[in-house]
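Enquirer: sharing a sequence plus its predicted fold:
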Amino acid sequence: MAAKTAVPVDSKEFFDALAAVMNTHPERFDPLGWFDLDLGVVINRQSAEPLVLALRFRGSRCEDVRESFPDDNVDCVVEGPVASWAQMVDDIVVNGHATGRHTLSSLVLLGERIRLHGADPLGVDRFFRVAESVQVFFDGAGEALGAGTVPGTESLREEVVQVHARH
Amino acid sequence: MAASGSELTRRLPERDSVTQEPLDWSWLMGAKAEWGVRAKPGPRGLTLADISVGSYGDVPERAPLRTMAPRGAEVEDGVPDMGYILNSKSDVWSDNVTELYEEAVARQWSATRDIPWGEVAELPSDLEHAVCQVCTLLAEVEMIAADLPAKWMWRMNHDFVEAKMFLATQVMDEARHTEVFRKRALANGGGLLKAKRNTEEQLRVILQAKTYTQASALMHLLAEGFVLDLFRQGELISPSPLEKRMFRLTMQDEARHVSYGTLHIRYAVEHDPDVAEEIHEALDVGEKMLMELTNPSMNTALAVLLAGGVDEVESKGFPLLAQLNAKQITSYLARCERAGLARLERTLFPVEMLGIDRSAPAAAALGVS
């Protein structure tokens, strides 16, 4: 079960915040090398329409977070239920970065919880070309949520840790 | 505005003052160069795409000469013939090659510096043995993807220099992969284990392919495609974060090579439909080789890693390995389709066992959505 955070994971605001973290920390991405990727994100919800976003990565920046996308407008799509996304984010908040089976590469490998797909196999392979950078983008989740590493927000991190301990 | 070449040469001596030999100022005349064409840098610096300006960006379908002269230079009469045999663009080109070269240069990493060797974890003996066996095989096979392009690069016409430059990055990548797997085998008290005859037989088939495009199909589409999916499995087979990082970084490199090969084959087939049958024949041999020359040592080592040790290798390791092997085959067949090769009906892999209908449209059958 995921912790309740100030900004819901299944919101454009969360991804805007992730983009802001990336764009203010080029030093985390430059050593990995620049990358170009149009990544679709689909977060499925039980009682609402899915959140459908297109993230535009260019160089060491996330240049755009848009709602919805035509099928041919992204290289590939990562799609899964909100609970799986929240578990990944929780792991990042607790550990500072995704660990073990909570990394995006791990989650999409078997595709049981989060699936990687696309109309073009080359677009899917593009994800593998830059997977480390994409992971570092998501590893900014703690800061995007204002948890853990930002002074004064330790309580949110503590809440997530407690939720993990209970489950 | 700077003085023209002809104005400048009027002010210059015609002969060397010491030797009295005639001086060559022809280069100062600008030759036939597009004097005044200026490549403009973008936010990342000056990329190969940025310098594809004017006629310099025109890559001929058929190279007019066989020299090392840079494409776009004025070539003196009587230059020696370098004996290139790959003189058509379709022999080597892929439409993503300049992007892949820039990406490769930007995303280089160091097996010495970027792997946390200081954090190597003490592992149970079965897991350390399995890691060492996997690394032994990878240290053996990775260098084929350096040797093979190196074998062909000096036969590629220099007019397609961007393709040669990309393949040079692949050679460097594979050297680093050989390095990182050799280092991991030696880093934790295990060492190099079994090198098998079947593996060497497989490598020989790839290395001895008759044409570069057949070799590219065998190496980029088939072998590296399978290895790319194996590196993806690093998420499950890695006993510690160190191995995970090793597999993730090698995976990124491998995916570039596969992307080049996919679009090279596509370019070749589109520009010379007859080549499709040659590629199919090579892949017939390659698939047969993969099925007949299996590597039991690799499979058992992977199964142990997937199971987290020998105890659950039967109940967990082998079933998971079968699942991942199926993914390797479907990914490979999807890339073949993208490359313009309708391979689903012809493949020798037992796709029926994976629940794939050969007669269905490829996109649906292979789960490409």
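Expert: The structure has been received and is ready for your questions. Residues are numbered from 1 along each chain as shown, chains lettered A, B, ... in the order given.
Enquirer: burial count for the closest residue to residue B:166 other than its chain neighbours?
Expert: Leaving aside its chain neighbours, residue B:166 sits nearest to residue B:101 (4.4 Å; criterion: C-beta to C-beta, 6 or more residues apart in numbering or on different chains). Quick note: C-beta positions are derived from backbone N, CA and C, even for glycine. Per other C-beta atoms under 10 Å in any protein chain shown, the neighbour tally for residue B:101 reads 24.
Enquirer: tell me the confidence at residue B:101?
Expert: Among the per-residue scores, residue B:101 shows a pLDDT of 98.
Enquirer: check which helix or strand it maps to.
Expert: Following DSSP states H and E, one finds residue B:101 within helix B:97-106.
Enquirer: what about the chain, any weak spots by pLDDT?
Expert: Here I'm looking at chain A. Residue ranges of chain A with pLDDT under 70: A:1-6, A:71, A:147-167.
Enquirer: switch to chain B, please.
Expert: Within chain B, the ranges that satisfy pLDDT under 70 run B:1-6, B:30-33, B:367-369.
Enquirer: give me that answer again for 80
Expert: By pLDDT under 80, the weakly predicted segments of chain B are B:1-10, B:29-34, B:293-294, B:360-369.
Enquirer: around chain A, pick out the residues from it.
Expert: With C-beta under 8 Å from any C-beta of the partner chain as the criterion, chain B comes near chain A at residues B:43-44, B:96, B:99, B:103, B:106-108, B:228, B:232-233, B:235-236, B:241, B:244, B:248-249, B:251-252, B:254-256, B:258-259, B:262-263, B:323, B:331, B:334-335, B:337-338, B:367-369.
Enquirer: ChimeraX command to pick out the buried ones of those?
Expert: One line in ChimeraX is enough to select the buried members of the residues of chain B next to chain A, burial here meaning 16 or more other C-beta atoms under 10 Å in any protein chain shown:
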select /B:96,99,103,106,107,228,232,233,235,236,244,248,249,251,252,254,255,256,258,259,262,263,331,334,335,337,338,368
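Enquirer: list the contacts for the residue nearest to residue A:109 when sequence neighbours are not counted?
Expert: In space, residue A:109 comes closest to residue B:235 once its chain neighbours are excluded; the distance is 4.9 Å by C-beta to C-beta, 6+ apart. For residue B:235, the contacting residues are A:101, A:103, A:105-106, A:109, B:244, B:247, taking C-beta atoms under 8 Å, 6 or more residues apart in numbering or on different chains as the criterion.
Enquirer: report the longest helix in chain B, please.
Expert: When secondary structure is assigned using DSSP state H, the longest helix within chain B turns out to be helix B:241-271.
Enquirer: which residue does chain A have closest to chain B?
Expert: residue A:33 (3.3 Å; C-beta to the nearest C-beta).
Enquirer: list the contacts for that residue?
Expert: Each residue near residue A:33 by C-beta under 8 Å, 6+ apart is listed here: A:133, B:103, B:106-108.
Enquirer: what ranges do the strands span in chain B?
Expert: Remark: strands of chain B are absent; assignment by DSSP state E.
Enquirer: can you tell me how far residue B:69 is from chain A?
Expert: Using C-beta to the nearest C-beta, to the nearest Å, residue B:69 is found at 32 Å from chain A.
Enquirer: for that residue, which non-adjacent residue is closest in space?
Expert: What sits nearest to residue B:69 in space, not counting adjacent residues and going by C-beta to C-beta, 6+ apart, is residue B:75, at 4.5 Å.
Enquirer: now the one you found, what are its backbone angles?
Expert: As for residue B:75, its main-chain torsions (degrees, to the nearest 10) stand at phi -100, psi 130.
Enquirer: hang on, it packs against residue B:67?
Expert: Yes: Residue B:75 is within contact range of residue B:67, at 6.1 Å (criterion: C-beta atoms under 8 Å).
Enquirer: now the residue nearest the centre of chain A. Nearest residue, chain neighbours left out?
Expert: Nearest residue to the geometric centre of chain A (C-alpha atoms, centre = their mean): residue A:138, 3.9 Å. Using C-beta to C-beta, 6+ apart and skipping residues adjacent in sequence, the residue nearest residue A:138 is residue A:104, 6.0 Å away.
Enquirer: what about the one you found, how many neighbours?
Expert: Applying other C-beta under 10 Å, we find 21 other residues in the vicinity of residue A:104.
Enquirer: that one and residue B:336, how far apart?
Expert: Applying C-beta to C-beta, to the nearest Å, one obtains 27 Å for the distance of residue A:104 from residue B:336.
Enquirer: try residue B:119
Expert: Computed with C-beta to C-beta, the distance linking residue B:119 and residue B:336 is 40 Å.
Enquirer: quick check: residues of chain A near chain B?
Expert: Residues of chain A that fall close to chain B, judged by C-beta under 8 Å from any C-beta: A:32-36, A:59, A:99, A:101, A:103, A:105-106, A:109-110, A:117-122, A:125-126, A:128-132.
Enquirer: filter those residues to the buried ones?
Expert: Buried residues within the residues of chain A next to chain B, counting neighbours by 16+ other C-beta under 10 Å: A:32-35, A:59, A:103, A:105-106, A:109-110, A:117-118, A:121-122, A:125-126, A:128-132.
Enquirer: mind pulling up the phi and psi values for residue A:54?
Expert: Listed backbone geometry of residue A:54 is phi -120, psi 120, with angles given as degrees, to the nearest 10.
Enquirer: find the residue closest to it in space, skipping its chain neighbours.
Expert: Here the nearest residue to residue A:54 in space, its sequence neighbours aside, is residue A:69; by C-beta to C-beta, 6+ apart that works out to 3.8 Å.
Enquirer: residue contacts, that neighbour?
Expert: Residue A:69 touches A:38, A:40, A:52-54, counting by C-beta under 8 Å, 6+ apart.
Enquirer: run the last query once more with 10 Å
Expert: A:38-42, A:52-56, A:77 (C-beta atoms under 10 Å, 6 or more residues apart in numbering or on different chains).
Enquirer: what do you get for residue B:210?
Expert: Contact partners of residue B:210, counting by C-beta under 10 Å, 6+ apart, are B:278, B:281-282.
Enquirer: chain A: which of those residues is nearest?
Expert: So of the contacts of residue B:210, ranked by how close each gets to chain A (C-beta to the nearest C-beta), first place is residue B:282, at 19.7 Å.
Enquirer: wait, the closest one touches residue B:223, no?
Expert: No: counting by C-beta atoms under 10 Å, residue B:282 does not reach residue B:223; the two are 11.5 Å apart.
Enquirer: quick one: which of these two has more around it?
Expert: residue B:223 (26 against 23).
Enquirer: leaving out sequence neighbours, find the closest residue to whichever residue of chain B sits closest to chain A.
Expert: Among residues of chain B, the one nearest chain A by C-beta to the nearest C-beta turns out to be residue B:107. It sits 3.3 Å away. Excluding the flanking residues, the one nearest residue B:107 by C-beta to C-beta, 6+ apart is residue A:33, at 3.3 Å.
Enquirer: okay then, goodbye and thanks.
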